[in-house]
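Student: I'll drop the sequence and a predicted model, then ask my questions.
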Amino acid sequence: MCRQSATVCLTKSPTTAQRAASGIADRLVVLRDPRARRGRRHSLVAVLLTACCAVLAGARSYLAIGQWARHAPQDTLARLGVRAAGALGVRRAPSGSTIRRIVTLVCPGGLADLLGCDPAGAAHLAVDGKCARGSRTDAAPAAHLLSAVLADGRTVSQLRVPDKTTEVTGFTHLLAPFDLAGVVVTADALHTHRDHARWLVEEKKAHYVLVVKRNQPTLHDALRSLPWKEVTARRYEREAGHGRRETRSVRTLTITDLNLDFPHVAQAAKIHRHRTDLKTGKITRETVYTITDLPARTASPQAIGQLTRSQWGIEAVHHIRDTTFGEDASKIRTGHGPANMATLRSFAISTLRAAGHRSIAASLREISYQPFTHPLDLIGLP
């Protein structure tokens with residue numbers, strides 16, 4: 001896994017200040033150039049900035065990034081750091097083949113860390129995986145990417161899960177470089193592991209809210225058998241939207257004398273969802289159990305319900321990458337290309353979210369009116 005070879009990816013370890021720096025160029029300078037020294041025309045930072053801005057302008061492929069670069073005016077190339085050559089000082093943009101080669105070779109773990117936002121001080125962080133379906137080949141499965149996303153839709157980092165393994169193996173590698181003190185980490189049932197919970201609380205000084213399903217049969221049965229009918233700490237919510245009407249009830253129970261055999265668990269919650277499809281009239285019911293180390297005095301039923309729902313925010317990011325940026329339809333398959341292109345798409349979404357844009361598709365249309373200035377302004381290039 002690339003995170004294990006960070007010294008190969010980076011010329012030096014990025015500091016917290018560098019990760020939080022508004023100038024993206026200042027962060028990318030620590031990324032090691034994978035090319036041989038001989039024959040380099042363009043700096044690694046200039047090429048990566050070109051790719052970032054092109055994706056922010058709506059580019060979905062290497063070809064589209066190369067076309068954006070080829071049509072960029074001289075003042076845009078100067079802001080990107082493309083060097084001037086010849087007596088006239090003309091700046092020539094990196095070619096599509098150069099961009100493709102660098103995106104294919106550059107370390108995906110290092111790039112994702114440096115293009116991600118800093119989670120220090122955040123209230124909530126969601127972890128989930130996504131498959132880039134178009135990257136599948138006859139000889140290799142599709143790239144499976146594990147991401148960490150903040151509640152507002154900004155991505156912290158991403159790792160490609162090695163073939164023939166699961167997301168579980170990448171959980172600690174993904175979050176290890178970051179300061180998570182006081183952050184509530186949520187994840188689906190796949191990551192409800194005792195080692196993960198112990199690592200979050202004891203080593204990272206973080207908190208967890210984890211879903212429990214039947215892949216943990218003993219724990220799931222223990223939660224089902226708790227005296228939920230006697231619970232007085234409840235929260236009811238009703239809402240309508242996205243073509244359905246939904247009612248949710250959240251009941252929480254403090255774990256005291258009950259033995260759930262799970263590290264640091266303080267509360268359990270039972271969440272019941274009742275949905276009605278407004279078009280078909282179909283009714284569905286679902287019951288979900290969660291566990292957390294947060295005590296009742298700091299996490300009410302309402303807070304537990306909100307944290308569980310905020311886990312779905314990462315699905316919204318994945319949906320945008322598929323529908324707006326065409327990730328599943330992308331045929332990028334070679335080397336680190338699938339992971340790094342996914343990182344560039346997540347960076348574009350994070351940048352637009354940080355700028356206050358609610359609709360990513362609408363914001364990309366707005367950027368298309370000024371494709372060679374607006375993306376550079378958004379990422380703070382002077």
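Tutor: Structure's in. What do you need?

Student: Residue 311 touches residue 186, doesn't it?
Tutor: Yes: the criterion here is Cβ atoms under 8 Å, and residue 311 meets it with residue 186 at 4.4 Å. Using the backbone N, CA and C atoms, a C-beta is placed for each residue, glycine as well.

Student: what touches both of these two?
Tutor: 126, 209 (Cβ atoms under 8 Å, 6 or more residues apart in numbering).

Student: Just read off the phi/psi values of residue 328.
Tutor: The phi/psi pair for residue 328 (degrees, to the nearest 10) reads phi -70, psi -30.

Student: what about it, distance to residue 216?
Tutor: 30 Å (Cβ to Cβ, to the nearest Å).

Student: If you count surrounding residues, which of the two has more?
Tutor: residue 216 (20 against 16; other Cβ atoms under 10 Å).

Student: what's near enough to touch that one?
Tutor: Residue 216 touches 189, 192, counting by Cβ under 8 Å, 6+ apart.

Student: repeat for residue 186
Tutor: 124, 125, 126, 127, 208, 209, 210, 307, 308, 310, 311.

Student: Assign the second one to helix, strand or coil.
Tutor: Looking back up the chat, that one is residue 125. strand (DSSP: H, G, I helix; E, B strand; the rest coil).

Student: beta partners of it?
Tutor: residue 150, residue 185 (DSSP bridges).

Student: What about it, how many residues nearby?
Tutor: Residue 125: 22 neighbours (other Cβ under 10 Å).

Student: what sits against it?
Tutor: Residue 125 neighbours (Cβ under 8 Å, 6+ apart): 119, 148, 149, 150, 151, 156, 175, 180, 183, 184, 185, 186.

Student: And the top helix by length along the chain, what does it pack against?
Tutor: Longest helix of the chain, by residue count under DSSP state H: helix 337-354. In terms of contacts (3 or more Cβ pairs under 8 Å, 6 or more residues apart in numbering; DSSP states H and E), helix 337-354 is packed against helix 44-56, helix 96-105, helix 108-115, strand 124-132, strand 143-150, strand 155-161, helix 313-323, helix 360-367.

Student: Distance from stretch 303-323 to the middle of the chain?
Tutor: 10 Å (Cα atoms, centre = their mean, to the nearest Å).

Student: Mind listing what's buried along that stretch?
Tutor: 303-308, 310-311, 313-314, 317-318, 320-322 (16 or more other Cβ atoms under 10 Å).
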